[in-house]
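3D, please:
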Amino acid sequence: MNYCNMNIEQLSHEKALVEKKLEGYKKLELDLAMSRGIPNAAMIELTAELFKDIDVYSNRIGLDGTDLGTYNQGLLSGIKEAKILFSELLCINVENIIIGGNSSLNLMFDMFSQLMLHGNCDSDRPWCHEDKLKFLCPVPGYDRHFSICEYMGIEMINIPLGPNGPDMDIVEELAANDSSIKGIWCVPQYSNPTGITYSDETVKRLASMKTAAKDFRIFWDNAYNVHHLFTGTCDSLTNIFDQCTNHGNGNRVYIFTSTSKVSIPGSGISAIGASVENISDILSRMKMQTIGYDKLNMLRHAIAFPGKDAVNEHMKKVADILAPNFNITLEIMENELAGKGIASWSSPGGGYFISFDGLKNTASRIVELCEEHGVKLTPAGAPFPYRKDPDDSNIRIAPTYPSYEEMKTAAGIFTECVKMASLEILIGDKNEQ
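Numbers count the residues shown, from 1 in each chain. Next up, the predicted model:
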């Protein structure tokens, strides 16, 4: 029955039932981590098996004859073998790629640091010399993106994220009329946390729109481009690099990705994809910073994944591990919350998260109740700039780390906490009437 249609007696009776269930869960003294999209033990073991017999020390001579175990200024942008792999994954040419270390987040932070100190190849001055700096932030979105902007002192502007991507009418109007807006964050495929994939039209509009800032940049964090759950059709994404090039804005996009959730977490490799001019600009500063990232690890990944097909085969095995956790979470939410008028949620075809929306002013309370009952969630407000969800209603659910049985229990606790927080609000509203 829809809670919103209940009288106070009915709501109070329902609250008593929920309290009894939560008391039972509390006695279990659980400690279930769902605060971030962490790969679970089974996924790590799967990848460890793939890598365990790879000997890069005895086979460290690269395609160009270089000894990859020593310093080499000529490989600043990464080894060719790894570039070929990412060329297939990102559908861009080898010369448009730089290979990095284990973290694409590190590459993004470093890119912002470069832009603040020097600007990019289209800038008149370093970004730190501008009177104001602003960035467009589709919400809900990835909290670490917003943390970078906050750290750099860049003002963030919330852009509603719908089923096809950011609201492009708002994006186009703001970008065309405000030169202090220097860019936009995008997680275009299986977006964190909603799981949506940008439509063809959205990608084309981002690539072709007018911008008041001639050095405007799209930070295209394509972290989940191979992370399909393989439960049906896999989402496809229009090539942003080609679209920008075709519309005369070839320098507009920086593409980021990594193998953090493909290979061993913390020991993967990452990549930047960009125009030749952008690549040259990045390398001109990168050469002051490093001789290059771990070339033997690049080689290790190129041997483990000789091409896109090998990555996809591996990711199907990953999906076999992850999909049951997603399915049981969605099933329990449907059984326990559907029709009650208190919640909605995404049903992603890939990625690492489920985005949940409850009643206004309930998210913080749900997170608090879950922690009291042994389930740690991402803090309420995290998917918004400055950690401020204007409605206090959104929660990012990460069903990747627990085992299947743990996830089943965690989802049960979560739905009861959603009911409790909702009932508290609704009973409070009735009492005020």
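
any stretches of this protein with poor pLDDT?
72-73, 433 (pLDDT under 70).

quick check: domain ranges of it?
The chain breaks down by automatic domain parsing into domains covering 3-45+312-432, 61-306.

is it true that residue 278 touches residue 255?
No. Residue 278 is beyond contact range of residue 255, at 10.1 Å (criterion: C-beta atoms under 8 Å). From N, CA and C alone the C-beta is placed, and that goes for glycine too.

these two: who's more crowded?
residue 255 (26 against 23; other C-beta atoms under 10 Å).

let me have the domains of the chain in JSON lines, adding distance to residue 52 as columns.
What follows is the domains of the chain, written out as JSON lines (distance: least, C-beta to C-beta, whole Å):
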{"stretch": "domain 3-45+312-432", "distance to residue 52": "10"}
{"stretch": "domain 61-306", "distance to residue 52": "10"}
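
among the ones you listed, which is nearest residue 55?
domain 61-306 (9.0 Å; C-beta to C-beta).

off-centre distance for whichever strand in the chain runs longest?
Longest strand of the chain, by residue count under DSSP state E: strand 155-162. Per C-alpha atoms, centre = their mean, to the nearest Å, the displacement of strand 155-162 from the mean C-alpha position of its chain is 15 Å.

can you give the strand pairings for the following helix or strand past that strand, parallel or anti for each?
With elements assigned by DSSP states H and E, the helix or strand that comes after strand 155-162 is strand 165-166. Strand 165-166 pairs in its sheet with strand 155-162 (antiparallel), by DSSP bridges.

how about the partner strand as CSV, C-alpha atoms only?
What follows is strand 155-162 as a C-alpha-only set of coordinates in CSV (Å, rounded to 0.1, in the frame of the first residue of the first chain):
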residue,chain,number,x,y,z
GLU,A,155,33.0,27.0,-8.6
MET,A,156,30.7,24.1,-9.5
ILE,A,157,27.3,24.4,-11.2
ASN,A,158,24.8,21.6,-10.9
ILE,A,159,23.4,20.3,-14.1
PRO,A,160,20.5,17.9,-13.9
LEU,A,161,21.3,14.4,-15.3
GLY,A,162,18.5,12.7,-17.1
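
list the buried residues of it.
Buried residues in strand 155-162, counted by 16 or more other C-beta atoms under 10 Å: 156, 157, 158, 159, 161.

outside of that strand itself, list whatever touches it.
Contacts with strand 155-162, where a contact means C-beta atoms under 8 Å, 6 or more residues apart in numbering, come from 132-141, 146, 149-150, 166-167, 170-171, 174, 181, 184, 191, 194, 196, 384-386, 390.

the same query, at a cut-off of 7 Å, please.
Strand 155-162 is contacted from outside by 132-141, 146, 149, 166-167, 170-171, 174, 191, 194, 384-385, using C-beta atoms under 7 Å, 6 or more residues apart in numbering.

do the same with stretch 123-142
With C-beta under 7 Å, 6+ apart as the test, stretch 123-142 has contacts from 115-119, 146, 149, 154-161, 166, 171, 174, 178, 180-187, 192-194, 215, 221, 355, 383-385, 394.

next, the buried residues of that stretch.
Neighbour-count burial for stretch 123-142, counted by 16+ other C-beta under 10 Å, picks out 123, 127, 130, 133-142.

can you redo those as CSV with secondary structure and distance to residue 234?
Formatted as CSV, the buried residues of stretch 123-142 follow (DSSP: H, G, I helix; E, B strand; the rest coil; distance: C-beta to C-beta, whole Å):
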residue, secondary structure, distance to residue 234
123, coil, 38
127, helix, 37
130, coil, 41
133, coil, 37
134, strand, 35
135, strand, 30
136, strand, 28
137, strand, 27
138, strand, 22
139, strand, 25
140, coil, 23
141, coil, 22
142, coil, 21
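
tell me which two in the residues you listed are the farthest apart.
123 and 140 (30.1 Å).

which residues in the stretch 301-433 of the chain form strands?
343-345, 354-358, 375-377, 394-397 (DSSP state E, counting those that start in this stretch).

looking at those strands, spot the one closest to residue 48.
Closest to residue 48 of the strands of the stretch 301-433 of the chain is strand 375-377 (C-beta to C-beta; 25.8 Å).

packing partners of the closest one?
For strand 375-377, the elements it packs on are strand 32-34, helix 404-432, judged by 3 or more C-beta pairs under 7 Å, 6 or more residues apart in numbering; DSSP states H and E.
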